[in-house]
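Chemist: Sharing a model prediction with you, sequence too.
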Amino acid sequence: MSLAFDSVFFIAFGGPTPGCCAQRVPCPGTEAQCFIQSIVGQHPTAQARVADVAAHYAQLGGFSPFNDLTSQQVHGVARLLRQQGLDVPVHVGMRHWPPYIRDVLRDMAAQGHQRLLAVILAPHQCFASWEWYQQTVAEGLAALGEEMIQVTYMDPWYTQAGYLTAIVAQMRHACAGLEVERAKEAALIYTAHSIPASMAAQAPYVQQFAATAAAATRLFERTEHHLAYQSQAHGTPRPWLQPDINDAIRQMQAAGYRDVVLSPIGFLCDHVEVLYDLDVEARQTAADCGVTYVRAPTVGTHPAFLGMLSDLIATRLREG
């Protein structure tokens with residue numbers, strides 16, 4: 001079978017794992033500090049943010065499950081592609097931690113890959129979750145001097161049925177411990193990563209987040225939901241998207257809700273930002289408010305999510 005692409009390239013954020021990344025001399029400290037530094041930069045005003053977030057990592061063991069969880073997703077999709085008779089090479093590169101995008105591109109070029117179908121592992125588009133990845137890929141290709149490699153990006157999939165099915169299945173599973181009537185009356189809150197308002201104004205991020213939430217709510221057979229944001233940087237001169245999830249929980253308590261059901265649909269795996277911002281901080285806020293807190297897992301390796309990705313990729317491989 002002649003395919004439109006000779007390889008699939010998953011692109012993700014990355015997270016710190018044990019071992020030096022060998023990117024900075026001298027090393028700025030722990031792996032988590034190095035990782036956060038690569039995101040926020042070297043400006044003196046950003047160093048408080050480095051220390052703050054590194055403390056979150058330290059509280060959760062010092063490292064992130066992101067790379068391992070992402071690899072599980074990629075391997076799961078590769079397995080489903082093989083079951084469809086598509087034994088195409090599948091690779092994954094990270095923007096902020098090994099295996100770096102540029103290094104994976106170098107390996108793919110050495111293996112003779114020239115037509116790459118790239119899959120950005122982010123459900124909603126803004127510069128940080130879309131164009132920055134594309135820019136990093138372009139820089140990696142430029143460093144190789146590769147003009148023969150063509151990279152085609154798969155379209156966003158934020159309202160695809162399999163993604164929504166996985167979201168709702170995780171929500172239903174999380175609500176299993178609530179009484180049926182209380183689950184029906186609980187405040188339903190979806191979260192995504194907060195970004196600067198100026199960045200959001202130049203992207204479809206908020207609209208796509210809202211579209212995912214609305215579609216998931218209908219599938220969940222509910223009529224009302226709330227949007228909130230998490231993981232914002234504090235002390236910056238620019239405003240970030242609001243409300244913060246902790247403020248949203250307080251608002252739900254003030255409105256008379258006894259229970260909140262939270263689904264982090266802006267994230268694809270339960271990495272440190274989810275584990276700390278939601279399972280530590282937001283859970284404590286709910287406890288302080290006297291509100292029952294239910295947090296649904298991210299879509300992770302749910303079969304509906306992986307099946308959706310593999311079907312979309314298979315279609316592009318066959319049709320271009």
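Modeler: Perfect, I can see it now.
Chemist: C-alpha only now, for contacts and for neighbours.
Modeler: Fine.
Chemist: Next, residue 301: phi, psi?
Modeler: Main-chain torsions, residue 301, degrees, to the nearest 10: phi -100, psi 30.
Chemist: again but with residue 120, I slipped
Modeler: Taking degrees, to the nearest 10 as the convention, residue 120 sits at phi -80, psi 120.
Chemist: how close does residue 230 sit to residue 132?
Modeler: Remark: distance between residue 230 and residue 132 (CA to CA, to the nearest Å) = 20 Å.
Chemist: Between the two, which is the more surrounded one?
Modeler: residue 230 (23 against 13; other CA atoms under 10 Å).
Chemist: correct me, but the more buried one touches residue 193?
Modeler: Yes - look at residue 230 against residue 193 with CA atoms under 8 Å: they come within range, at 5.2 Å.
Chemist: mind saving the C-alpha coords of stretch 5-15 as CSV?
Modeler: Provided in CSV are the C-alpha atoms of stretch 5-15 (Å, rounded to 0.1, in the frame of the first residue of the first chain):
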residue,chain,number,x,y,z
PHE,A,5,3.4,9.8,4.7
ASP,A,6,6.3,7.6,5.6
SER,A,7,6.3,8.3,9.3
VAL,A,8,4.2,9.7,12.1
PHE,A,9,5.7,12.3,14.5
PHE,A,10,4.0,13.0,17.8
ILE,A,11,5.0,16.4,19.3
ALA,A,12,4.5,17.1,23.1
PHE,A,13,5.6,19.4,25.9
GLY,A,14,7.8,17.1,27.9
GLY,A,15,8.5,16.9,31.6
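Chemist: residues making contact with that stretch?
Modeler: Defining contact as CA atoms under 8 Å, 6 or more residues apart in numbering, one finds that stretch 5-15 is touched by 35, 63-67, 70, 74, 88-98, 101, 113-122, 133, 317, 320.
Chemist: Among the residues you listed, name the buried ones.
Modeler: 35, 63-64, 66-67, 70, 74, 88, 90-98, 101, 113-122, 133, 317 (16 or more other CA atoms under 10 Å).
Chemist: Can you tell me which of those residues end up in strands?
Modeler: 90-94, 115-120 (DSSP state E).
Chemist: didn't residue 113 look like it was pressed against residue 148?
Modeler: No - using CA under 8 Å, residue 113 is not in contact with residue 148; the gap is 9.3 Å.
Chemist: Any chance you could list residues touching both of those two?
Modeler: What both residue 113 and residue 148 touch, as defined by CA under 8 Å, 6+ apart, is an empty set.
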